[in-house]
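>>> Take this sequence and fold it.
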Amino acid sequence: MSLQQSIQKSLDLIQFHFDPTVRKIAVKPNLCYYWDSSTGETTDQKLIGALIDVIRKNVNESVDISIVESDASAMRCKYAFKMLGYEKMADDKNVRLVNLTDDNVESTNITVRNRSFRLSLPHSIAKADLFINVPKMKYMAGTRFSGSLKNIFGCNPYPKKYRYHRWLDEAIVGLNKVMKPDLCLLDGLVVRGVHPKKLDLLMASTDPVALDSSAARILGINPHSIDHISLASSEGIGSLKYVNVGEHLGRFINSFPKKDAKYKTWEFIAKTYSRLATRLG
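So this is what the prediction gives:
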């Protein structure tokens, strides 16, 4: 089955139908660093290319599609787009690459768990008729898990994102309240656990909390124990309950290359260092 067919099947299973009247679409992959997609760290540009083809088949050939990402403390979009194959793919598919750090923004105030934030909403997302989130599923120091909700943290156009790490869970949830995606398509083609592994998994949902809940279980983590997932549920972004309508999760739970107790020790050290760096910064 081709990637296009797999994407379409995933969307059919959740009964998602594209509105043929949409004119502008923003797609957010996970390009957290310069790691190739074969490492399981970044969204595969071939998956994004296939998604573009599916969109045009269901909407129209002339729909305006933007691939969006923002600069981070140790990553610059212009290099990530080039090194990870997105620049060539964008030329081939005639779509735009947008660095949200350079985008026009509007400011908004949001409060999560008594913590107030002033966040910037990029126009490329705010003015899109459809916003599609294409994250990875992986372990992450500081949050323990990264999926749909965490990927929206990358939509924050402010490059020095470490300044939010002291209240990272609240910031993740706040950004998802401001920029909630209309559709999430999780890239589990190659995953990173204790080592990279080809898993050949795609997961689709219009509920990022439910999607992250099921993905966390594949990694062997109780989603109720992940603060930003449970907080997102309590803030009304989605539900911790998920409905499995495709292949049973058991196969992927058994196949995922899980971390062991040594990782938990490393994670504790990394989290402590991150907090210290935030205070010093």
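
>>> for residue 72, what are its contacts?
For residue 72, the set of contacting residues under the criterion of Cβ atoms under 8 Å, 6 or more residues apart in numbering consists of 32-33, 154, 159, 161. Backbone N, C-alpha and C define where each C-beta goes, glycine included.

>>> And for residue 200?
Residue 200 is in contact with 188-189, counting by Cβ under 8 Å, 6+ apart.

>>> And the pLDDT at it?
We have a pLDDT of 96 for residue 200.

>>> quick one: the strands in the stretch 51-200 of the chain?
With DSSP state E, counting those that start in this stretch applied, the stretch 51-200 of the chain shows strands at 64-69, 96-99, 105-112, 115-122, 130-134, 136-140, 144-146, 183-192, 196-205, listed in chain order.

>>> show me where pLDDT drops low in the stretch 51-200 of the chain?
Low-confidence regions of the stretch 51-200 of the chain, defined by pLDDT under 70, are absent; no residue qualifies.

>>> re earlier: just the contacts of residue 72: which are in helices?
Using DSSP state H, no member of those falls within helices.

>>> Need the buried ones from those selected in PyMOL.
If you want just the buried ones from those in PyMOL, going by 16 or more other Cβ atoms under 10 Å, the selection is:
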select buried, resi 32+154+159+161
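
>>> Just send the contacts of residue 72 back as TSV, with distance to residue 9 too.
Written out in TSV, the entries for the contacts of residue 72 read as follows (distance: Cβ to Cβ, whole Å):
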residue	distance to residue 9
32	28
33	30
154	27
159	37
161	35
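
>>> with the contacts of residue 72 in mind, which one is nearest to residue 105?
Distance from residue 105 was checked for each of the contacts of residue 72 by Cβ to Cβ. The minimum falls on residue 159, at 12.9 Å.

>>> Enumerate every residue touching the closest residue to that closest one other than its chain neighbours.
On the basis of Cβ to Cβ, 6 or more residues apart in numbering, the spatially nearest residue to residue 159 that is not a chain neighbour turns out to be residue 71, at 4.0 Å. Residues in contact with residue 71 (Cβ under 8 Å, 6+ apart) are 77, 99, 101, 157, 159.
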